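>>> Let me see the structure of the following:
(one chain, ligands or ions: 1)
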Amino acid sequence: MAQKALQRCLQKGPSINRKKALVLRERRSSSSIETMTPKEILVTGGAGYIGSHTVLQLLQEGFRVVIVDSLDNSSEIAVERVAELAGDAGKNLAFHQIWDSECLNFVPHRFHAVIHFAGLKAVGESVQKPLLYYNNNLISTVVLLEVMAAHGCKNLVFSSSATVYGWPEQVPCTEEFPLSAANPYGQTKLIIEDICRDVRKSDSEWKIILLRYFNPVGAHPSGYIGEDPRGIPNNLMPYVQQVAVERRNALTVYGNDYNTKDGTGVRDYIHVVDLADGHIAALRKLFEDSGIGCEVYNLGTGKGTSVLEMVSAFEKASGKKIPLVMAGRRAGDAEIVYASTEKAERELSWRAKYGINEMCRDQWNWANKNPWGYGSPESQS
Ligand code: UD1
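Residues are numbered from 1 along each chain as shown. Sure thing, here's the model as predicted:
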C-alpha cells in the first residue's frame with residue numbers, strides 16, 4: 001500500500017509552490033523575531049479551519065511554515081488568503097498538496113516542529129465507515145511519526161479533542177479525567193494520544209504536546225478565512241451560519257430535556273483565533289522547556305454555553321432570526337462539557353481572550369462576506 005501511495009505521489013507530484021504568492025524558499029524575513037528564531041514548522045492539514053488560522057498566526061509570529069494538505073476537506077483558497085493576510089510574512093509560507101503521509105518524504109525541508117491537524121473528523125461518517133477513519137487517521141499519523149523520526153524532527157503538537165472525555169461525570173473537565181470514546185472518530189484521537197505516549201516512552205528525544213480542543217467557532221476578524229464544511233454541517237455554529245444566509249431553513253435543536261439551564265446541551269465554545277494562539281503557546285513550550293515529555297492540555301474557555309444561548313448571541317450579532325425545530329437528543333451527545341483551563345494557564349501561560357459575543361460577531365462577518373464559504377452556489381450543496 002505504501003508503495004502504491006509512493007507511486008501516486010510521484011505520478012501526480014506534490015504540487016510544490018504552485019502559486020507564486022505561496023512560495024517562500026530563499027528569501028527570509030528580516031523581522032527581528034525571525035532573525036532570532038528562524039524556526040520552520042510543518043503543518044499538516046494547514047488549509048483547514050483551525051489549521052489556516054494557526055498558520056496565519058505562525059507567520060505573524062515570525063515562523064516559516066510549510067503546509068501539507070490533501071485538500072479533501074479544505075480549499076487552496078484558504079492558503080492563498082492566509083498568505084495575503086500575512087502581508088510581507090506571506091513569503092514565508094509554502095504549500096504542498098499531498099495525498100498520503102508517505103509523500104512527506106518528498107517535502108524538501110528540515111523542520112523544527114510539526115503541528116498535525118490533518119485527519120477525518122465527521123463523527124457520523126466515522127460510525128458508518130470506521131475502517132476509513134482508522135486507516136486515514138491512524139496510519140497517516142504513524143507514518144508521519146516515522147518520517148519525523150527519520151529526519152530527526154521530534155517535536156510534535158497534535159490536535160486531540162474534548163471528545164475523549166465522553167460524557168464527563170462532572171465539570172470542568174481536567175486533563176486527568178478518565179477517557180472514553182463514543183465513536184471511531186473519538187477512538188482515533190484516544191489511540192493517537194496513546195501512540196504519542198508510547199513513542200515518547202521509547203525515546204526521550206521526543207517532545208509532544210497533545211491539545212484537547214473544546215468547541216472551536218468563529219473566524220478571523222477580517223472575515224477572510226473561516227470554517228467551510230463540505231455538505232450538511234454536523235456542528236452547531238456552521239449550521240446556524242448556513243441558516244442565517246438562507247442556505248438551510250431552520251436549525252434542529254438536538255434535545256431540550258437535558259438537566260441544564262434551558263434544557264439544551266452545554267458546551268465550551270472557543271474562538272478559533274484563541275485556539276490558534278494556544279498552538280503558538282504550545283510550540284513555545286516545546287522549544288523552551290527542555291524537560292517536557294508528552295504533555296496534554298485542554299484548550300477551552302472554561303465557560304459553558306447552551307445551544308439556545310449560542311443561537312441568541314448569534315441572532316444579536318447578525319440581526320437575523322434563526323428558526324428552530326426542536327428534536328430528540330442526538331446519539332452520543334453529552335449533557336454538559338466544559339474545560340478546566342488551569343493547566344494551560346499555568347504551564348503554557350495561555351488563556352482564551354474572546355467570549356461568545358466576539359465569536360458570533362466574527363462567525364457572522366465571515367458568513368456574510370462568504371455565504372458559500374470558499375466556493376460558489378454551484379460547488380456547494
Ligand atoms: C461534536 C462531536 C465531537 C467532535 C466535535 C468537533 C458528536 C456527538 N460530537 O462535538 O466528537 O470532537 O463535534 O467539533 O458529534 N447541536 C444542535 N443542532 C445541530 C448541531 C448541534 O442542537 O445541528 C447541539 C448538540 O446537540 C450539542 C451542541 O449543539 O449540544 C454542540 O454540538 P456540536 O457543534 O456538534 O459539537 P459537539 O457535539 O460538542
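
>>> quick one: the residue of the stretch 151-300 of the chain found nearest the ligand and residue 198, what's the gap?
Residue nearest to the ligand within the stretch 151-300 of the chain (Cβ to the nearest ligand atom): residue 265, separated by 2.4 Å. For every residue, glycine as well, the C-beta is placed using N, CA and C. When distance is defined by Cβ to Cβ, to the nearest Å, residue 265 is 34 Å away from residue 198.

>>> now swap in residue 78 and tell me
For residue 78, the distance to residue 198 - Cβ to Cβ - is 33 Å.

>>> give me phi/psi at the spatially most central residue of the chain?
Computing the C-alpha centroid of the chain and ranking residues by Cα atoms, centre = their mean puts residue 50 first, at 3.5 Å. The phi/psi pair for residue 50 (degrees, to the nearest 10) reads phi -70, psi -40.

>>> do the same with the one 10 residues further on
Reported as degrees, to the nearest 10, the phi and psi values for residue 60 are phi -70, psi -30.

>>> The helix of greatest length in the chain packs against which elements?
Longest helix in the chain by number of residues (criterion: DSSP state H): helix 184-202. The contact analysis (3 or more Cβ pairs under 8 Å, 6 or more residues apart in numbering; DSSP states H and E) places helix 184-202 against helix 123-128, helix 130-133, helix 140-150, strand 155-161, strand 207-213, strand 294-299.

>>> With mean pLDDT, distance to the ligand and mean neighbour count as added columns, please give those in a markdown table.
A markdown table is the format used below for those (pLDDT from 0 to 100; distance: least, Cβ to the nearest ligand atom, whole Å; neighbours: other Cβ atoms under 10 Å):
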| stretch | mean pLDDT | distance to the ligand | mean neighbour count |
| --- | --- | --- | --- |
| helix 123-128 | 95 | 4 | 16 |
| helix 130-133 | 98 | 12 | 15 |
| helix 140-150 | 93 | 16 | 18 |
| strand 155-161 | 98 | 4 | 24 |
| strand 207-213 | 98 | 7 | 23 |
| strand 294-299 | 98 | 12 | 23 |
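
>>> now these in CSV, with distance to residue 314?
Formatted as CSV, these follow (distance: least, Cβ to Cβ, whole Å):
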stretch, distance to residue 314
helix 123-128, 22
helix 130-133, 30
helix 140-150, 34
strand 155-161, 23
strand 207-213, 20
strand 294-299, 22
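
>>> is it true that the residue of the stretch 151-300 of the chain closest to the ligand touches residue 305?
No: with contact defined as Cβ atoms under 8 Å, residue 265 does not reach residue 305; the gap is 9.8 Å.

>>> My read is that residue 332 contacts residue 181, right?
No: at 9.8 Å, residue 332 does not count as touching residue 181 under the criterion of Cβ under 8 Å.

>>> now the residue of the chain positioned farthest from its centre: how far from residue 326?
Computed with Cα atoms, centre = their mean, the maximum C-alpha offset from the centroid of the chain is found at residue 257, amounting to 30.5 Å. Applying Cβ to Cβ, the value for residue 257 to residue 326 is 10 Å.

>>> do the same with residue 51
35 Å.

>>> These two: who's more crowded?
Using other Cβ atoms under 10 Å as the criterion, residue 51 and residue 326 rank with residue 51 on top: 26 against 13.

>>> Now name the helix or strand holding that one.
Using DSSP states H and E, residue 51 sits in helix 49-60.

>>> anything in that helix near the ligand?
No: using Cβ under 6 Å from any ligand atom, helix 49-60 stays clear of the ligand, coming no nearer than 9.4 Å.

>>> Next SSE downstream of that helix?
Helix 49-60 is succeeded, C-terminally, by strand 64-69 (DSSP H and E).

>>> And that next one, what does it pack against?
Contact here means 3+ Cβ pairs under 8 Å, 6+ apart; on that basis strand 64-69 packs against strand 40-44, helix 49-60, strand 93-97.

>>> Those into JSON lines, with extra columns for mean pLDDT?
Formatted as JSON lines, the helices and strands packed on strand 64-69 follow (pLDDT from 0 to 100):
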{"stretch": "strand 40-44", "mean pLDDT": "96"}
{"stretch": "helix 49-60", "mean pLDDT": "98"}
{"stretch": "strand 93-97", "mean pLDDT": "95"}
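
>>> For the closest residue to residue 210 other than its chain neighbours, give me its contacts.
Leaving aside its chain neighbours, residue 210 sits nearest to residue 296 (4.2 Å; criterion: Cβ to Cβ, 6 or more residues apart in numbering). Contact analysis of residue 296 by Cβ atoms under 8 Å, 6 or more residues apart in numbering lists 160, 175, 193, 209-212.

>>> which bits of the protein sit near the ligand?
The chain comes close to the ligand at residues 123, 161, 163, 185-186, 215, 234-236, 239, 251-254, 265, 267, 307, 330, 332-333, as judged by Cβ under 6 Å from any ligand atom.
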